[in-house]
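Asks: Below are the sequence and a predicted model; questions follow.
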Amino acid sequence: MTKLLDLDALAPEKTRSVKIKGKEYNVRDQSVGDYIAVNKLARELKDVKETDRHVEAMIKMIHLLVEGVTEDVLKTLSFQQLDVLSQFVQGNDEPTPQPDQPAGEGAAGN
């Protein structure tokens, strides 16, 4: 009898999406290839001081992981939106608490 390891059965269902300018996009789970590409971008920018190159790298990374979104659409976002989206597509679904802010409280200081 042949044993079969069905890796397709291990693939997670799409459970995350993002809405940009009224349109919803699926966020892909990061594959090994995506991980390598994102880390390569990070290494290339390690010593770069130009902010525009860092922003361009963020846009490339998001474009890689958000199905169907164009770089032109991403360039219409504010810096805050781009930063939050970057964190989200990398798996940080929860906002990071600010210093001296207890976990679980929103940014508005509830």
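Replies: Nice, I can see it.
Asks: going forward, measure contacts and count neighbours with C-alpha atoms only.
Replies: Noted.
Asks: which residues of the chain score low on pLDDT?
Replies: Filtered on pLDDT under 70, the chain yields the residue ranges 12-14, 94-110.
Asks: if you set the cut-off to 50 instead, what comes out?
Replies: Within the chain, the segments meeting pLDDT under 50 span 95, 97-110.
Asks: And the helices in it, which stretches?
Replies: If you assign secondary structure with DSSP state H, the helices in the chain sit at 7-10, 32-44, 51-65, 71-74, 79-89.
Asks: closest to residue 22 out of the ones you listed?
Replies: helix 71-74 (11.4 Å; C-alpha to C-alpha).
Asks: Which neighbouring elements make contact with that closest one?
Replies: Helix 71-74 is packed against helix 51-65, with contacts defined by 3 or more C-alpha pairs under 8 Å, 6 or more residues apart in numbering; DSSP states H and E.
Asks: before we move on, back to that, of all the helices of the chain, which one comes closest to residue 16?
Replies: Closest to residue 16 of those is helix 79-89 (C-alpha to C-alpha; 8.8 Å).
Asks: Between helix 51-65 and that closest one, find me the angle.
Replies: Angle of helix 79-89 versus helix 51-65, following axes from the mean of the first three to the mean of the last three C-alpha atoms, to 10 degrees, is 40 degrees.
Asks: Who are the packing partners of helix 79-89?
Replies: helix 51-65.
Asks: can you count the residues close to residue 65?
Replies: Per other C-alpha atoms under 10 Å, the neighbour tally for residue 65 reads 20.
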